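S.K.: take this sequence and fold it.
(2 chains)
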Amino acid sequence: MAENTNVADNTQRIRNFSIIAHIDHGKSTIADRLIEYTGTLSKREMSAQVLDNMDLERERGITIKAQTVRLEYKGKDGNMYCLNLIDTPGHVDFTYEVSRSLAACEGALLIVDAAQGVEAQTLANVYMALENDLEIIPVINKIDLPSADPERVKNEIEETIGLDASDAILASAKTGQGIEEILDAIVERIPAPTGSKDKPLQALIFDSYFDSYKGAIAHVRVLDGCIKKGTPLKMMATGKMFEAVEIGCFRPALMELQEMGPGSVGYIAGSLKQVRDVRVGDTVTTQENGALEPLPGYRGVTPMVYCGLYPVDSADYDNLKDALEKLQLNDAALVFEPETSIALGFGYRCGFLGLLHMDVIQERLEREYNLKLITTAPSVIYHVHKTDGEMIPVDNPAEMPDPTVIQYIEEPFVKASVIVPNDFVGAVMEISQNKRGEFKSMDYLDVNRVMIVYHIPLSEIIYDYFDKLKSSTRGYASLDYELADYQQAKLVKMDILLNGEMVDALSTIVHVDNAASRGRMLASKLKEIIPQQMFEIPIQAAIGNKIVARENVRAFRKDVLAKCYGGDITRKRKLLEKQKEGKKRMKAVGRIEVPQEAFMAVLKVDE
Amino acid sequence: MRYGLYIHIPFCRQKCFYCDFPSVAMAGGREKLMKPYVETICGEIEKWHKKIEEEKLGAPSTVYIGGGTPTALSEELLEKVLCRIGKISIEIPEFTIEANPGTVDLEKLRLLRKYGVNRLSIGVQTFDDEALKRIGRIHSGKEAVEAVELAIRAGFENISIDLIYGLPKQTMADFQKNVEKAMGLPVKHISIYGLQVEEGTVFGKLAEQGRLELPSEEVSEAMYDYLNEMLPQNGFQRYEISNYAKNGYESKHNLSYWQDIPYIGLGAGAHAYWQGQRYYNPVDIREYVSRAEKGDKLWEVEELLTEKEHMEEFCFLALRTVAGINRKRFAEVFGKSLDNVYGKVIEALIKKGLLEDNTDGVCLTKLGMKYGNQVFQEFLL
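M.R.: Below is the predicted model of the structure:
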């Protein structure tokens, strides 16, 4: 252990890097090979893809929580180096987290699939890395594939990013080719951290997680100064005071250290009760003689997408609260507050970074906490300007004020960048146009691939923009977006009435031009989803007092098994159980049983 | 101790197109199985007889020989079974046998009477000859009426008939004629079922191919409404979802299924409910016989009911009867009050108009009868 400590004590022998890659381009497998090659873990200790250790992550092949690992590697010069790999989440929802991880590094591996080439998300992350002055080492992965075309990919890197790709490393995580070269390049090309042990402590928090024994744990990169075990510390943005109860590094399991100097990457456990105390982007300093200024770039969490989460069984309300609180312990981006719906009863309005984040949280609540939930259709935050001059943010369509007091409504727009083969340019433009997008620019990345930029409402993105893009480009389109601004739009609230009663949880905000057609589609979708019941159910879509669409769910006439004698009983009970199981997914709205998916129906209508 | 005895005779002349009961058509050499099968059954009755004596259980209060078609057996084989039952008791309070028109004559019916069979359940299904052909029955409407007359002549007083509504191509007018005809017969009990298309039946296959022309939901509902109006008007009181009887002629054996009363089941595919456990026998006749010959056990445990499952079944079965769930009995069986366990459920269902409180307990309303499954589900814990 003493030896380990020594390696990192010499700032000159530290290299901090992260990996930038598009989903499926092999980030996790490359990371696995690096861990293996440096002997950090033996093959036996590695479950495949060590870094994606949440079940959900493995199933979806994406990284939700970033992981960090310290590798030790003997460089060509014969010296031992300490290489800190700072993994980054690979999804557009987590852009801010990525930016903080990158800010903790001096360099990055840019991994590009030798067959697929550069994708929209990769680009966004590379630009971010360049903004942070990172040394970028291009790695062309999967060169063992028959369809690999490294020369084309090199060209693409040079033309789109403007990086010199002549010394790009050709690698295959599968065969192990290029792994040693990557390690040598990290040592030789990525600069050692600068920083002084004598300056006041400044450590950047780039991630956090909750450990049930140690409390909230901060992943930090020390810029200046030194953290010693037991030092009284302070979070500069939140003002939270705590003590460095335990510090250490990731191997990838926690390994305790006594001291962390400039350039080090590691963790601080300080008996902090919740991850909200440990904000990504915040600066840790000492209580005494601390830094005067925090590191730049801190940003509070700003959810982009909101939805209502309601327990199917209202008795689960407290359990839902407990579960959300537990998830929040480990997810500072999740926000929630109590909300009441006339139709659904008591639940929570939850804010998420994006749709994937929402999906992941919902799935974890159901899987890990065994809750049956109703999720309402996601909504963006509208800025509603009232006639009295007041602006109120509205994240729940049901809470839209009466049109008579609204002067105008603004909605969030994003800058959406789509990369596609040029055959699909027409399709992308058509979809984007239909989604109220405004064309901004189009650039050829190489002879075949085009990047198209649109200014488009976020509400359309969360509606079905990406699904539409994928399906009309045979899956080739890749999308990245970032919040651009708020703009005025002609928006109206559309209500759904079941059996003549308005169901608040089914209200949506739509653009006035699409209102009637969306209303018809939603009504007919609901007709498909809502099962026959003992009475007829009229479905109406209304804007104000005006009915724009109507449908009818016919009543079923009877529901009883004619025969039930001795031999039928067990089978009969099974049948009833099945019927009841189907009902568990339903919520009684008035006297109508409405299936869970009805509340998401607005996202599922086919145009 | 009150308990029932069910004996299954799985042979038929021909399998009906809607039937998913354990039964086989007597062709392809299967008639040769009848004799060994009857011998096996007799052996089984004997075993039970011994157990009854050892455990001092007393004779069963009801015996029901069902099928298949019990009357498809020859007089000789039928007599063997009846004779063996007679050794237990010659006076079973309710002793039913199922019969098919076309398989009975006066002689056979008199034989049944001689051995104490006092209730005859005749499978009529419909009186319409065309409809009978369409559902794979072997008899005519006229033969069905004759069977009832013969039964009266043989000395049967307690006669039941089965009818089915919602048959392929059946119209409301067809069905009305059927009900009128039934009302004119000297029977005391009518079971009337809506046709259920089950997987693995001829109808199941036709339905899959889209070749089964069933009456619409609306027509089928009108039939249901009609029969529930007409039967009571003619003195047949509904006592269970699908069963109607003149006063005092309710089937005690069938009631035992809904009233949590134990029953023994003998024969291939028969089920039993004994000491809180559900059993079933192998459906395959050859397997059943060969197990008996080898001295292997003939039954399999279907389920040992947990208290929860027992409660669920107790309730949804009782709710099939017009009397409903009896609070006192529930408390006796489970040592808990019905309202403690199901108070909320009951309250909600009463609000919906599906359930009502009769002074002894709760029962389905008229609407509840129609949507029974909606109610039963709620009693699953």
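S.K.: and for residue 84, the neighbour number?
M.R.: You didn't say which chain, so I picked chain A. 25 (other CB atoms under 10 Å in any protein chain shown). For glycine as for every other residue, the C-beta is placed from the backbone atoms N, C-alpha and C.
S.K.: other chain: chain B
M.R.: Neighbour tally, B:Arg84, other CB under 10 Å: 20.
S.K.: where's it, which helix or strand?
M.R.: Applying DSSP states H and E as the criterion places B:Arg84 in helix B:75-88.
S.K.: what comes into contact with that helix?
M.R.: By CB atoms under 8 Å, 6 or more residues apart in numbering or on different chains, the residues outside helix B:75-88 that reach it are B:5, B:7, B:9, B:34-35, B:38-39, B:41-42, B:45-46, B:48-49, B:52, B:59-60, B:63, B:65, B:70-71, B:73, B:92, B:95, B:107-108, B:111-112, B:115-117.
S.K.: again, only this time at 6 Å
M.R.: Residues from elsewhere that reach helix B:75-88 (CB atoms under 6 Å, 6 or more residues apart in numbering or on different chains): B:34, B:38, B:42, B:45, B:49, B:59, B:108, B:111, B:115.
S.K.: what does stretch A:192-209 give?
M.R.: With CB under 6 Å, 6+ apart, stretch A:192-209 has contacts from A:11-12, A:14, A:66, A:100-101, A:104, A:216-226, A:261-263, A:275, A:278, A:280, A:282-286, A:289-291, A:295, A:330.
S.K.: could you report the neighbour count for the closest residue to chain B within the stretch 101-250 of chain A?
M.R.: For the stretch 101-250 of chain A and chain B, the shortest gap (CB to the nearest CB) falls at A:Ser212, measuring 33.4 Å. Counted by other CB under 10 Å, the residues lying close to A:Ser212 total 7.
S.K.: tell me the pLDDT at it?
M.R.: Predicted confidence (pLDDT) for A:Ser212: 79.
S.K.: buried among the contacts of stretch A:192-209? Make that a ChimeraX selection.
M.R.: In ChimeraX, selecting the buried portion of the contacts of stretch A:192-209, with burial taken from 16 or more other CB atoms under 10 Å in any protein chain shown, looks like this:
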select /A:11,14,66,100,101,104,216,217,218,219,220,221,222,223,224,225,226,261,262,263,275,278,280,282,283,284,285,286,290,291,295,330
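S.K.: hmm, back to that, give me the subset of the contacts of helix B:75-88 that lies in helices.
M.R.: Secondary structure assignment by DSSP state H places B:34, B:38, B:42, B:45, B:49, B:108, B:111 of the contacts of helix B:75-88 in helices.
S.K.: dump these to TSV, plus neighbour count, distance to B:Glu356 and pLDDT.
M.R.: As requested, the ones in helices among the contacts of helix B:75-88 are exported to TSV (neighbours: other CB atoms under 10 Å in any protein chain shown; distance: CB to CB, whole Å; pLDDT from 0 to 100):
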residue	neighbour count	distance to B:Glu356	pLDDT
B:Met34	18	49	94
B:Val38	23	47	96
B:Cys42	18	47	96
B:Ile45	22	43	95
B:His49	16	44	95
B:Lys108	19	45	95
B:Leu111	17	46	96
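S.K.: now for those: which two are most distant?
M.R.: Using CB to CB, the pair of the ones in helices among the contacts of helix B:75-88 lying farthest apart is B:His49 and B:Lys108, separated by 24.8 Å.
S.K.: thinking again about what came up before, tell me which of the contacts of helix B:75-88 is nearest to chain A?
M.R.: Of the contacts of helix B:75-88, the one sitting nearest to chain A (CB to the nearest CB) turns out to be B:Ile45, at 17.3 Å.
S.K.: where does pLDDT dip in the stretch 1-150 of chain A?
M.R.: Residue ranges of the stretch 1-150 of chain A with pLDDT under 70: A:1-8, A:42-66, A:89-93.
S.K.: again, but for chain B
M.R.: Ranges of chain B meeting pLDDT under 70: none found.
S.K.: could you list the domains of it?
M.R.: B:4-258, B:307-378 (automatic domain parsing).
S.K.: export those as CSV, with columns for distance to A:Gly544.
M.R.: Below are these laid out as CSV (distance: least, CB to CB, whole Å):
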stretch, distance to A:Gly544
domain B:4-258, 37
domain B:307-378, 33
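S.K.: go through those domains and name the closest to A:Ser271.
M.R.: domain B:307-378 (44.4 Å).
S.K.: does chain A have contacts with the closest one?
M.R.: Yes - using CB under 6 Å from any CB of the partner chain, domain B:307-378 comes into contact with chain A via B:370-374, B:376-377.
S.K.: list the contacts for the residue in the stretch 301-450 of chain A positioned nearest to chain B?
M.R.: Closest residue of the stretch 301-450 of chain A to chain B, CB to the nearest CB: A:Ala315 (10.6 Å). Applying CB under 6 Å, 6+ apart to A:Ala315 gives no contacts.
S.K.: that one belongs to a strand, doesn't it?
M.R.: No - going by DSSP: H, G, I helix; E, B strand; the rest coil, the assignment for A:Ala315 is helix, not a strand.
S.K.: next, the buried residues of the helix holding B:Arg84.
M.R.: B:77-82, B:84-86, B:88.
S.K.: name the nearest of these relative to chain A.
M.R.: Of the buried residues of helix B:75-88, the one sitting nearest to chain A (CB to the nearest CB) turns out to be B:Ile85, at 17.8 Å.
S.K.: what residue in the stretch 1-150 of chain B comes nearest to chain A?
M.R.: For the stretch 1-150 of chain B, CB to the nearest CB, closest residue to chain A: B:Tyr6, 6.2 Å.
S.K.: and the gap between the residue lying closest to A:Gln177 once chain neighbours are set aside and A:Asp395?
M.R.: Once flanking residues are discounted, A:Gln177 sits nearest to A:Ala171: 5.7 Å by CB to CB, 6 or more residues apart in numbering or on different chains. Counting by CB to CB, to the nearest Å, the gap from A:Ala171 to A:Asp395 is 45 Å.
S.K.: go on, B:Val341?
M.R.: 42 Å.
S.K.: now swap in A:Leu469 and tell me
M.R.: For A:Leu469 relative to A:Asp395 (CB to CB), the value is 25 Å.
S.K.: which residue packs closest to A:Leu254, ignoring adjacent ones?
M.R.: Residue nearest to A:Leu254 in three dimensions, not counting chain neighbours: A:Gly248, with 5.4 Å by CB to CB, 6+ apart.
S.K.: part of a helix, is the one you found?
M.R.: No - using three-state DSSP, the assignment for A:Gly248 is strand, not a helix.
S.K.: that one: neighbour count?
M.R.: A:Gly248 has 20 nearby residues by other CB under 10 Å.
S.K.: what do you get for B:Lys56?
M.R.: 7.
S.K.: cool, A:Glu131 as well?
M.R.: Neighbour count of A:Glu131, defined by other CB under 10 Å: 11.
S.K.: which positions in the stretch 201-350 of chain B make contact with chain A?
M.R.: When proximity is defined by CB under 6 Å from any CB, the stretch 201-350 of chain B lies next to chain A at B:217, B:221, B:241-242, B:257, B:271, B:278, B:302-303.
S.K.: just the buried ones from the residues you listed, in ChimeraX syntax?
M.R.: The ChimeraX selection below is limited to those of these classed as buried (16+ other CB under 10 Å):
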select /B:221,241,242,257,271,278,302,303
